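1. My questions are about this predicted structure, shown below with the sequence.
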There are 2 protein chains.
Amino acid sequence: MGTLASDGYEPALLKLAGSFLPKNPEKPVPVIVCGMAGAKQGWTEAAYRAVPCKPVAEGQMAQVPTRDPRLSVSIVPGLCQTKPANVMRGEETQLAGLVSRLGAIDATVCMPGTHSKWVRLEAGQVASFATFMTGELFAVIAAHSILRKTIAAQGEDREAYLGAVSEMLDDPGGLTGALFSIRAGALLAGLDGAAARSRLSGLLIGAELAASRAQWERRAVHLVGAGSLTAAYSIALESAGAKPVQEDAEALTLAGLAQVRGPMSRTMLRDTPQRLSRRLSERT
Amino acid sequence: MGTLASDGYEPALLKLAGSFLPKNPEKPVPVIVCGMAGAKQGWTEAAYRAVPCKPVAEGQMAQVPTRDPRLSVSIVPGLCQTKPANVMRGEETQLAGLVSRLGAIDATVCMPGTHSKWVRLEAGQVASFATFMTGELFAVIAAHSILRKTIAAQGEDREAYLGAVSEMLDDPGGLTGALFSIRAGALLAGLDGAAARSRLSGLLIGAELAASRAQWERRAVHLVGAGSLTAAYSIALESAGAKPVQEDAEALTLAGLAQVRGPMSRTMLRDTPQRLSRRLSERT
């Protein structure tokens, strides 16, 4: 959404997946989209559904007008919460995948990212959720603040990371003061670039864990994500005594998308989500 | 410091104040500098003095080699604190001005800015201090994060501001979650650009006040700064029941610089700080 105008989505889709389409299908091929394509500045707006509700609902998708007659595109709506005001787009599909696997249980879900989500599922419905700007704050502070002089582009220091997590769990309100300590530590105590990077990450993730403590204390946490960011959440949660259960984010997305199509349509899918994912990966 | 190389300071000074210098003085004219010119990447490094200590000390200034024989430039050292690591440059001179006016008392000093300082003076010495990245976080979040789409370039909304301050005082750990509520509020509840701007300011200043509560609860706070930022701190502190005492930042800087020269030199100053400030203002 950050780089495409509204009329740029269809060409982008055809470039990515056009060769999957038959040349002259009897009827248009259903394509299901989730995420920011449904935002007001996206492809076609898919109005938010309000929680509490199921993560996705058949028959409530936004239909997208397309020029290519082979396409029948629909977008999964995001979710909104009134008090306190909050929104998600994309995560609802992963949550649908999780519910399709776990059944209609109560669960806590942590979804690390640019805007991390903490979701409370109750009987398979999204009861409430919170968003933390953790990933985006890391990016803008590392790139644009005085700390950019101190923070290495890569590298990690596990001790500095976990120390910072623990500092925030002990003093949740200390974030904006602790951030400057990264600069002061570099000037006075030789804090190196990798340790500074890990400390920034630990302070921000630690602040998020401190604010969501009620969600993970004495409860299992389903951790939906991939790569080093999710691994960082996992070790932070473990160090705080929580029990994160790693979930495969891509498999959940694909399972959620299949869920949206409804039971009859799902039997029509030639590929399992895993095989589809592999085929897409081979193409990019 | 952000725009000058080390050899750019002397020409910059001569451009600003060169006409104050006699053409052929009997001896070089003393020029006293405070602030980031004394940083490692500044004009000439003035090594930090460690707290607890007086804000400034005669005879501990860094001498700067100059090409113009009419100049004798010295830089006031900043202060450092080991545990927790912290640094200041420039504020120590304002603190010296404050101590010269108040005498060797105990006091709490709040110095709003890019990197806000909270300073504890004991018997006229700097006992300890903390730094909050409040001003810089406001700038980078407003310019570079998703909230830039929501935050107006100017305008203010007192109710949104004080509401956000109070939210942070009640829930000091909620900052990174509350930040996203600005985006969600704009999408769902029509939060306008000026209210969004005030809310961002209130969340960040509120988080700072929450973290420094022990410094202002049941104590007067000397508030050193100017303009709308300092006014915002003042109303936030008052709304929390504190008693901010507004200090004239420029007058304190000039009084502090005069202090550094020592008693004998001060009698040689032809201008009072206020008159000197006026003369400088007329020239720029």
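-> That came through fine. Please read all numbers here as calculations on a predicted model, not as lab measurements.

2. Stretch A:178-197 vs chain B: in contact?
-> Yes - using Cβ under 8 Å from any Cβ of the partner chain, we find that stretch A:178-197 touches chain B at A:Leu179, A:Phe180, A:Ser181, A:Arg183, A:Ala184, A:Gly185, A:Leu187, A:Leu188, A:Ala189. C-beta coordinates here come from the backbone N, C-alpha and C atoms, glycine included.

3. thought the last one was touching B:Asn86?
-> No - at 10.8 Å, A:Ala189 and B:Asn86 do not qualify as touching, with contact defined as Cβ atoms under 8 Å.

4. the more surrounded of the two?
-> Using other Cβ atoms under 10 Å in any protein chain shown as the criterion, A:Ala189 and B:Asn86 rank with B:Asn86 on top: 24 against 12.

5. Identify the bridge partners of the more buried one.
-> Listed beta-bridge partners, B:Asn86: B:Gln81 (assigned using DSSP bridges).

6. Surely it touches B:Phe129?
-> Yes - at 6.0 Å, B:Asn86 counts as touching B:Phe129 under the criterion of Cβ under 8 Å.

7. in chain A, which spans are strands?
-> A:29-33, A:49-50, A:62-64, A:71-75, A:79-81, A:86-88, A:107-111, A:116-122, A:125-132, A:220-225, A:243-248 (DSSP state E).

8. The ones you listed into CSV, with extra columns for distance to B:Thr82?
-> Formatted as CSV, the strands of chain A follow (distance: least, Cβ to Cβ, whole Å):
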stretch, distance to B:Thr82
strand A:29-33, 55
strand A:49-50, 52
strand A:62-64, 58
strand A:71-75, 56
strand A:79-81, 45
strand A:86-88, 42
strand A:107-111, 36
strand A:116-122, 34
strand A:125-132, 32
strand A:220-225, 38
strand A:243-248, 36
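
9. so which of those strands gets nearest B:Asn24?
-> For B:Asn24, the closest of the strands of chain A is strand A:125-132, at 64.6 Å, according to Cβ to Cβ.

10. So which residues make contact with that closest one?
-> A:51-55, A:79, A:81, A:84, A:86-88, A:92, A:95, A:104, A:115-121, A:207-208, A:211-212, B:176-177, B:180, B:184 (Cβ atoms under 8 Å, 6 or more residues apart in numbering or on different chains).

11. Give me the buried entries from the residues you listed.
-> Buried members of these, counted by 16 or more other Cβ atoms under 10 Å in any protein chain shown: A:51, A:53-55, A:79, A:81, A:84, A:86-88, A:92, A:95, A:115-121, A:207-208, A:211-212, B:176-177, B:180, B:184.

12. Which stretches in the stretch 151-284 of chain A count as helices?
-> Counting by DSSP state H, counting those that start in this stretch, the stretch 151-284 of chain A has helices at residues A:158-170, A:175-189, A:193-211, A:213-216, A:227-239, A:249-260, A:262-268, A:273-283.

13. helices and strands around the second one, which ones?
-> With contacts defined as 3 or more Cβ pairs under 8 Å, 6 or more residues apart in numbering or on different chains; DSSP states H and E, the secondary structure elements packing on helix A:175-189 are helix A:158-170, helix A:193-211, strand B:79-81, strand B:86-88, strand B:125-132, helix B:134-144, helix B:175-189, helix B:193-211.

14. now the first one, how far from the centre of its chain.
-> With Cα atoms, centre = their mean, to the nearest Å as the basis, the distance from the averaged C-alpha position of helix A:158-170 to the chain average is 23 Å.
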